[in-house]
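# Coordinates for the following, if possible.
(one chain, ligands or ions: 1)
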Amino acid sequence: MYNTELKRYFSQELLDWYEVNKRDLPWRRHRDPYYIWVSEIMLQQTRVDTVIPYFHRFIERFPTIQSLADAPEDDVLKCWEGLGYYSRARNLQAAARQVTELYGGVMPSGKDEVSGLKGIGPYTSGAIRSIAFNIPAAAVDGNVMRVLSRYFLIEEDIMKVKTRTKMEELVLTLVPEGRASDFTQALMELGALICTPKSPKCLVCPVMEHCTARYEGKEESLPIKTKAKPPRPEYRLTAIVEGTGVHEGKILIRKRPSTGLLAGMWELPHVIVPASANPAVMPEEPAMSHLQGALLEEGIPVLPIGHVMDAEHTFSHIHWNMGVYRCTWQDAPISSLQAAESAAAYETGIEQFRWIHVHDMERYAFPNVFIRILHSYFSS
Ligand code: SF4
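Numbering: from 1, shown residues only. Next up, the predicted model:
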């Protein structure tokens, strides 16, 4: 399909460069498949610099697949707090339980076995099998497709499945015998450090001499990539509910349902509103009235006091616009809530609520946006 010489140069020059220039990353110090697996999951959508401290903490807290499988989910989420895309953490734990049950706690190396684990797609499977087990397997993500598109001048949309398949086939023809582990890492390294999305550093690139895009002056216009749909906006009114009586000095938090977005994490009570009630433009009075009514329907009786801040957060497919309101708890003749007053926690059957002090925050896993709101609130 591609010139054999072009491929040979690519693999050799890339590996020679990697030998000298590879970064000293914590998961590269061992070939432990568990470490490779954890690092690959953390690195999805996340920069290396961000991942390193999380990786150290995670491995210290869950040093083996068995220890991860045995841990309470709340501990895993807490350890992941701030990294985002929390389904990654839940899937990682679910897969650790699969490995424990099916393979005695030892990570398998077979394609079907690895791909059958929760949260492991073709890229992660290829990365684990090649890096940890030195098996020729393609780990093709956006970085790799960018490098290959440029070097081999592949002018096809990398968002299309057939382009990815073609790249996977190409990678398998590039892996030198016995060098699968280094080759996969070298390719990733080139995409991360040299052949970057904007302003690729062609002048210091180890494969520049034979790079077709550079030769034709097309390095900036490749890869071809159709734009993903922008995240859908959602509007939410959020309550910082201050406790009264025995809960004076505390605020109310609730646990999200065990499935769906941010499953199992803790948050401030909030309600969704239509776009016409965008918190950024909705006057304070109607917003507070809406918040009060909607929370009461959930069994949370509050008296909104006023707007304290706006916040926003972008998930892969949704963008939250949030108006945050300070509220006080109102005693209500609802038995479950009266129970909460004495027990400091209660279950509605769907959600779990807690009254917490600022110093209790460390015990609960919150999504980033709520951490930002809570820090801002407690420090003001
Ligand atoms: S020469 Fe430039 S475009 Fe080609 S692989 Fe290297 S950095 Fe990328």
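
# ok, how many other residues are close to Arg8?
13 (other Cβ atoms under 10 Å). For the C-beta atoms, the positions are set from N, CA and C on the backbone; glycine is no exception.

# again, but for Lys118
For Lys118, using other Cβ under 10 Å, the count is 14.

# Point me to the helix or strand that includes it.
For Lys118, there is no enclosing helix or strand under DSSP states H and E.

# I'd guessed it sits against Gln98; true?
Yes: between Lys118 and Gln98 there is a contact under Cβ atoms under 8 Å: 6.4 Å.

# Pick out the residue of the stretch 251-380 of the chain closest to the ligand.
Ser316 (26.6 Å; Cβ to the nearest ligand atom).

# how about that residue, secondary structure?
coil (DSSP: H, G, I helix; E, B strand; the rest coil).

# Return the residues of the stretch 201-350 of the chain in contact with the ligand.
Lys201, Cys202, Cys205, Val207, Met208, Cys211, Ala213, Arg214, Glu219 (Cβ under 6 Å from any ligand atom).

# roughly how far is the helix or strand where Ile373 lies from the heart of the chain?
Ile373 is part of helix 368-379, with elements assigned from DSSP H and E. Taking the mean of its C-alpha atoms, helix 368-379 sits 20 Å from the chain's own mean (Cα atoms, centre = their mean, to the nearest Å).

# which other helices and strands contact it?
If you count contacts as 3 or more Cβ pairs under 8 Å, 6 or more residues apart in numbering; DSSP states H and E, helix 368-379 packs onto strand 232-242, strand 302-314, strand 318-329.

# tell me which residues in it are buried?
Val369, Phe370, Ile373, Leu374, Tyr377 (16 or more other Cβ atoms under 10 Å).

# swap in stretch 133-153?
Buried-residue list, stretch 133-153, by 16+ other Cβ under 10 Å: 133-141, 143-153.

# restrict the residues you listed to those near the ligand?
Within the buried residues of stretch 133-153, those near the ligand by Cβ under 6 Å from any ligand atom are Val147, Arg150, Tyr151.

# What strand or helix carries Gln185?
Applying DSSP H and E, one finds Gln185 within helix 180-193.

# now that helix: how far from the chain's centre is it?
21 Å.

# In contact with the closest residue in space to Ala186 that isn't next to it in sequence, which residues are there?
Once flanking residues are discounted, Ala186 sits nearest to Tyr18: 3.5 Å by Cβ to Cβ, 6 or more residues apart in numbering. Residues in contact with Tyr18 (Cβ atoms under 8 Å, 6 or more residues apart in numbering) are Asp182, Gln185, Ala186, Glu189, Leu190.

# Let me know how buried Asp360 is, in neighbour terms.
13.

# Give me the distance between it and Glu81.
14 Å (Cβ to Cβ, to the nearest Å).

# swap in Pro257?
On the measure of Cβ to Cβ, Pro257 and Glu81 end up 18 Å apart.

# With Val161 instead?
34 Å.

# cool, Glu169 as well?
In terms of Cβ to Cβ, Glu169 sits 39 Å off from Glu81.

# Of the two, which one has the most company?
With neighbours defined as other Cβ under 10 Å, Glu169 and Glu81 compare such that Glu81 has more, 21 against 12.

# hang on, isn't that one packed against Phe366?
Yes: using Cβ under 8 Å, Glu81 is in contact with Phe366, at 6.4 Å.

# So for the residue in the stretch 1-150 of the chain that the ligand sits nearest to, what's the nearest residue that isn't a sequence neighbour?
Using Cβ to the nearest ligand atom, the closest approach of the stretch 1-150 of the chain to the ligand is made by Arg150 at 3.9 Å. Distances taken as Cβ to Cβ, 6+ apart place Ala213 nearest to Arg150, at 3.8 Å, with adjacent residues excluded.

# And for the one you found, the neighbour number?
Neighbours of Ala213 using other Cβ under 10 Å come to 23.

# quick one: it and Leu222 touch, right?
Yes: shown here, Ala213 and Leu222 form a contact pair, counting by Cβ under 8 Å, at 5.2 Å.

# Quick check: neighbours shared by those two?
With Cβ under 8 Å, 6+ apart, Ala213 and Leu222 have common neighbours Ser149, Arg150, Leu153.

# need the strands for the stretch 201-350 of the chain, in chain order.
232-242, 251-255, 266-267, 270-273, 302-314, 318-329, 345-347 (DSSP state E, counting those that start in this stretch).

# could you dump those strands to CSV with mean neighbour count and mean pLDDT?
Formatted as CSV, the strands of the stretch 201-350 of the chain follow (neighbours: other Cβ atoms under 10 Å; pLDDT from 0 to 100):
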stretch, mean neighbour count, mean pLDDT
strand 232-242, 20, 93
strand 251-255, 21, 92
strand 266-267, 22, 94
strand 270-273, 18, 90
strand 302-314, 16, 92
strand 318-329, 20, 93
strand 345-347, 15, 40
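
# wait, which of these is closest to Val51?
For Val51, the closest of those is strand 302-314, at 19.3 Å, according to Cβ to Cβ.
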